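1. structure here, sequence nowhere to be found:
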């Protein structure tokens, strides 16, 4: 279990993360749709999450969404590195009705994001351009490589939710214990 806080003029964030949990969550970011996405992420990754964010949502949701991604990524990195005895690579394709999203990732200590999700507009009051902001902040602070690609879909809610679930399942698979792998790199270090 790791606990992290981050306080700025725009947000106050407290996160507790238990890597190999049961997918229990208590999430309040002040952004309803984002809460729903993080709950799905927790449930399907089996990562227990407590997230409290007080942000300047009277301006917009951008700072809260991005800053939660930063702190969640930092918490993930703190509990994962240095890595050993895990699969390291994970992938998943998640479908939600007409939507299909694939996530391939490498717990590599080398942050890189491919985000191929040509969607725009809103889901309720949530601006979907913030989805990329969250994934970028999480990816670079977690120090992992993530490729998120929409295979098909029309409904924004379905596409976004499938992306959070695909990341969750891919992470769960990459974090699978493999006692024979030691440090899963020919370099001997990640």
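-> Yep, that arrived. Since this is a predicted model, take the numbers as computed values, not measurements.
2. tell me where this protein has helices.
-> 32-45, 62-80, 129-142, 156-174 (DSSP state H).
3. now for the last one, which elements pack on it?
-> The one in question is helix 156-174. helix 32-45, strand 89-96, strand 99-106, strand 122-123, helix 129-142, strand 145-152 (3 or more Cβ pairs under 8 Å, 6 or more residues apart in numbering; DSSP states H and E). From N, CA and C alone the C-beta is placed, and that goes for glycine too.
4. give the residue spans of the protein that score low on pLDDT.
-> By pLDDT under 70, the chain has no low-scoring segment.
5. switch the cut-off to 80
-> 181 (pLDDT under 80).
6. picking that back up, residue 4: which of the helices and strands packed on helix 156-174 is closest?
-> With Cβ to Cβ as the criterion, residue 4 lies closest to helix 129-142 of those, at 10.3 Å.
7. name the residues that touch that closest one?
-> 34, 61-62, 65-74, 76-77, 80, 111-113, 115, 117, 119-120, 145-146, 148, 160, 163, 167 (Cβ atoms under 8 Å, 6 or more residues apart in numbering).
8. what's the neighbour count on residue 125?
-> Per other Cβ atoms under 10 Å, the neighbour tally for residue 125 reads 11.
9. and it, what does it touch?
-> If you count contacts by Cβ under 8 Å, 6+ apart, then residue 125 has residue 33 around it.
10. picking that back up, which of the helices of the chain is buried the deepest?
-> helix 156-174 (a mean of 23; mean count of other Cβ atoms under 10 Å).
11. chain center to it, what's the gap?
-> Computed by Cα atoms, centre = their mean, to the nearest Å, the chain-centroid distance of helix 156-174 equals 8 Å.
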